[in-house]
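K.L.:
Have a look at this prediction, sequence included:
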Amino acid sequence: MSHTPSRRAVLRGLTATGAAVIGFDPVSRSWAATGSGSPSGRDLAGVPPLDGTLVTDEPSLAAASDDYGHIVHRRPRAVLRPGSVHDVVAMVRFCAEHRLPVAPRGQGHATNGAGQVQDGLVIETATLADIGPLGPDSTTVTVGGGVRWSDLTRATIAHGLTPPVFTDYIDLSVGGTLSMGGLGGQTHRHGAQVDNVTELQVVTGAGEFVRCSPSRRPDLFHAVLAGLGQCAVIVGATLRLVRAPETVRHYLLPYDDLETFLDDQRTLVEEGRFDYVEGQVSADADGAFRVFTLEAVAYGPPAGPAPDDTALLRGLRHDASAARIADLAYYDFVDRLAPVVAALKEAGIWSYAHPWLNLMVPGKSVAALAREVLGALTPADLGPGVVLLYPILRERLTRPLLRTADDPTPFLFSVLRATPPDDTATVDRLLAANRSAYEATAAVGGTQYPVGSIPFSRADWRTHFGPAWPHLKTAKHRYDPRGILVPGQGIF
């Protein structure tokens, strides 16, 4: 019969390192503390020695059962806080042997349970946070998969360097955004974050540590970038760097007409006038979403020339009398959401449910589709959220699994809703609205950007990946032969 230790013994055992402190019973599919002095029973198998810790305490499991979406809840059996990449190799190999599901978790910013597993293992990658050597002439940097972009940027700016592309919120992990794509206002110039990776260090679903690049195991490299965690856990990445500006000039340009707003945005990204172009939509006094703000940023020296307002704004049709222009320190711009996030956390809004909608819409169809979605949107349904709408250049996106509309200038259209998590009826209604918006987008050749919450079937995923599906399917079978990685996406 198997040994069942007391809770005190479990907690005491979980604090140990460098020894097998947790055992797994493959019959009951449960974890229990073990050690050199505890009997293991006929069916109890010990985990391998670890440099970090494997925990099963209630707070850790509860945290790993949730994410930023606060919609889906799947409870793991254990959480790994790796002390080394070896720990990830050892535990993924162990889980593959026992057919236990595994999901990596960076900052837990998923919105639909992608980084959760039921009765499996969550790997918290935040401890894999090394930042490699940097110098003023560096063109790349190698970092751990758990490094936050905010920490990386502070480190690179000290040497006059910066990653070229940022998501709007930068307290996310490198591994997390590279698994999704990593879009931002600089994408029209530099592509997505996945387009600026020169090498990956990964642990496959079979527990194999592999370095891969465009010339070394390229099938794995391209299956991991924007691959939604299906083939390997990102434990490290080598990223491209560019010269950082010291200051930037930040423009907020108001519009009252959707088509004019979209056309001016398209002009800016096609001409490359600005280093960053995004846009927001907000409600007017009547609650209608018809206030449009074009957000653009020009980098100053040494990354670019001193901004010339006349040249940069020439021909634009915004309301010049209401434009806001400011000079900012570069890092203050990159981390501009920090005070907003702090206020949301203080007000308790950060813990709201986030049934997000993120679409990649063909430029030729964006005005009609945006008008339809915005026409049905109410301030109450958006809550303390935001609507983003801005173009990118299709030619800048080079990774096959980052799917977008087959259009030279597709638009990212995001309705980032926030609603009290206990109002499940409203959450369900908003998820249904997301699905309807996705179907309208797919009907005109668009896709979703899969960081949101859209009900999706396996057939939907096959449609989503389109011509890239055979490559992902082949890589999944090769590198995760037992299908243990990130089942929460519902792809396989």
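P.N.:
Sure, I can see it.
K.L.:
Now for this protein: which helix has the highest residue count?
P.N.:
Secondary structure of the chain per DSSP state H: the longest helix is helix 424-443.
K.L.:
residues of stretch 87-97 that come out buried?
P.N.:
87-96 (16 or more other C-beta atoms under 10 Å). No exception for glycine: its C-beta is placed from N, CA and C like everyone else's.
K.L.:
actually stretch 371-378, sorry about that
P.N.:
Buried, per 16+ other C-beta under 10 Å, within stretch 371-378: 373-374, 377.
K.L.:
ok, back up a step: now, which of the buried residues of stretch 87-97 lie within helices?
P.N.:
Mapping the buried residues of stretch 87-97 onto helices (DSSP H) picks out 87-96.
K.L.:
quick check, nearest of these to Leu200?
P.N.:
Relative to Leu200, the closest of those is Val88; by C-beta to C-beta it sits at 13.6 Å.
K.L.:
what domains does the record give for this structure?
P.N.:
Following automatic domain parsing, one finds the domains of the chain at 7-125, 140-243+470-489, 247-460.
K.L.:
out of those, which comes closest to Ile131?
P.N.:
Taking C-beta to C-beta, domain 140-243+470-489 is the member of those nearest to Ile131, at 5.1 Å.
K.L.:
ok now the closest one, how far from the chain's centre?
P.N.:
10 Å (C-alpha atoms, centre = their mean, to the nearest Å).
K.L.:
avg pLDDT for it?
P.N.:
The average pLDDT within domain 140-243+470-489 is 98.
K.L.:
could we number from 5 for the rest of this?
P.N.:
Will do, 5 is the new start, and the previous item becomes domain 144-247+474-493.
K.L.:
that older thread, show me what the longest helix of the chain is packed against.
P.N.:
strand 361-365, helix 370-380, helix 383-386, strand 415-420, strand 451-452 (3 or more C-beta pairs under 8 Å, 6 or more residues apart in numbering; DSSP states H and E).
K.L.:
where are the low-confidence patches of the protein?
P.N.:
For the chain, the stretches with pLDDT under 70 are 5-49.
K.L.:
Can you tell me which residue is spatially central in it?
P.N.:
The centroid of the chain falls nearest to Thr181 when counting by C-alpha atoms, centre = their mean (3.6 Å).
K.L.:
and stretch 304-324, which residues are buried?
P.N.:
Those would be 304, 307, 311, 316-317, 320, 322, for stretch 304-324 by 16+ other C-beta under 10 Å.
K.L.:
let me fix that: stretch 116-136
P.N.:
Neighbour count says stretch 116-136 has 116-121, 124-133, 135 buried, by 16+ other C-beta under 10 Å.
K.L.:
for stretch 185-196, same thing?
P.N.:
Buried residues in stretch 185-196, counted by 16+ other C-beta under 10 Å: 185-196.
K.L.:
Equivalent analysis for stretch 284-293, please.
P.N.:
Here stretch 284-293 shows 284-285, 287, 293 as buried, counting by 16+ other C-beta under 10 Å.
K.L.:
among these, which two are most distant?
P.N.:
Taking C-beta to C-beta, no two of the buried residues of stretch 284-293 sit farther apart than Gln284 and Ala287, at 11.1 Å.
K.L.:
Make sure I have this right: the residue nearest to the centre of the chain is in a strand.
P.N.:
No - if the criterion is DSSP: H, G, I helix; E, B strand; the rest coil, then Thr181 is helix and not within a strand.
K.L.:
Excluding chain neighbours, what is closest to it?
P.N.:
Leaving aside its sequence neighbours, Thr181 sits nearest to Gln197 (C-beta to C-beta, 6 or more residues apart in numbering; 5.4 Å).
K.L.:
Then Leu434?
P.N.:
The shortest distance from Leu434 to any non-neighbouring residue, by C-beta to C-beta, 6+ apart, is to Pro359 (4.3 Å).
K.L.:
residue contacts, the closest residue to Asn116 other than its chain neighbours?
P.N.:
Computed as C-beta to C-beta, 6+ apart, the closest residue to Asn116 that is not its neighbour in sequence is Ser457, at 4.2 Å. Residues counted as contacts of Ser457 (C-beta atoms under 8 Å, 6 or more residues apart in numbering) are 73, 75, 115-116, 358-361, 435, 438.
K.L.:
with the ones in helices among the buried residues of stretch 91-101 in mind, which one is nearest to Pro249?
P.N.:
When those are compared against Pro249 (criterion: C-beta to C-beta), the nearest one is Val92, at 36.4 Å.
K.L.:
Stretch 168-183 spans what distance, first to last residue?
P.N.:
17 Å (C-alpha to C-alpha, to the nearest Å).
K.L.:
try stretch 394-413
P.N.:
First residue to last in stretch 394-413 (C-alpha to C-alpha) measures 10 Å.
K.L.:
What are the buried residues along that stretch?
P.N.:
For stretch 394-413, by 16+ other C-beta under 10 Å, it's 394-398, 400-401, 403-409, 411, 413.
K.L.:
Please apply the same query to stretch 154-161.
P.N.:
Quick answer for stretch 154-161 (16+ other C-beta under 10 Å): 154-157, 159-161.
K.L.:
need those in TSV with secondary structure and distance to Tyr173, can you?
P.N.:
Supplementary listing: the buried residues of stretch 154-161 in TSV, determined by DSSP: H, G, I helix; E, B strand; the rest coil; distance: C-beta to C-beta, whole Å:
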residue	secondary structure	distance to Tyr173
Ser154	helix	9
Asp155	helix	14
Leu156	helix	14
Thr157	helix	13
Ala159	helix	18
Thr160	helix	18
Ile161	helix	18
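K.L.:
if we can go back for a sec, among the domains of the chain, which is the most enclosed?
P.N.:
domain 144-247+474-493 (a mean of 22; mean count of other C-beta atoms under 10 Å).
K.L.:
first to last residue in that one, what's the distance?
P.N.:
Using C-alpha to C-alpha, first and last residues of domain 144-247+474-493 are 31 Å apart.
K.L.:
returning to what we had before: give me the angle between the longest helix of the chain and strand 415-420.
P.N.:
In terms of direction (axes from the mean of the first three to the mean of the last three C-alpha atoms, to 10 degrees), helix 428-447 departs from strand 415-420 by 170 degrees.
K.L.:
can I get the CA coordinates of helix 428-447 in PDB?
P.N.:
Provided in PDB are the C-alpha atoms of helix 428-447 (Å, rounded to 0.1, in the frame of the first residue of the first chain):
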ATOM      1  CA  THR A 428     -20.500  34.600 -15.200                       C
ATOM      2  CA  ALA A 429     -23.600  35.400 -17.400                       C
ATOM      3  CA  THR A 430     -22.000  38.500 -18.700                       C
ATOM      4  CA  VAL A 431     -18.700  36.700 -19.300                       C
ATOM      5  CA  ASP A 432     -20.500  34.000 -21.200                       C
ATOM      6  CA  ARG A 433     -22.300  36.600 -23.300                       C
ATOM      7  CA  LEU A 434     -19.100  38.400 -24.100                       C
ATOM      8  CA  LEU A 435     -17.400  35.200 -25.100                       C
ATOM      9  CA  ALA A 436     -20.300  34.500 -27.500                       C
ATOM     10  CA  ALA A 437     -19.900  38.000 -28.900                       C
ATOM     11  CA  ASN A 438     -16.200  37.300 -29.400                       C
ATOM     12  CA  ARG A 439     -17.100  34.200 -31.400                       C
ATOM     13  CA  SER A 440     -19.500  36.100 -33.600                       C
ATOM     14  CA  ALA A 441     -16.800  38.700 -34.300                       C
ATOM     15  CA  TYR A 442     -14.300  36.000 -35.100                       C
ATOM     16  CA  GLU A 443     -16.700  34.300 -37.600                       C
ATOM     17  CA  ALA A 444     -17.300  37.700 -39.300                       C
ATOM     18  CA  THR A 445     -13.500  38.200 -39.500                       C
ATOM     19  CA  ALA A 446     -12.900  34.700 -40.800                       C
ATOM     20  CA  ALA A 447     -15.500  35.200 -43.500                       C
END
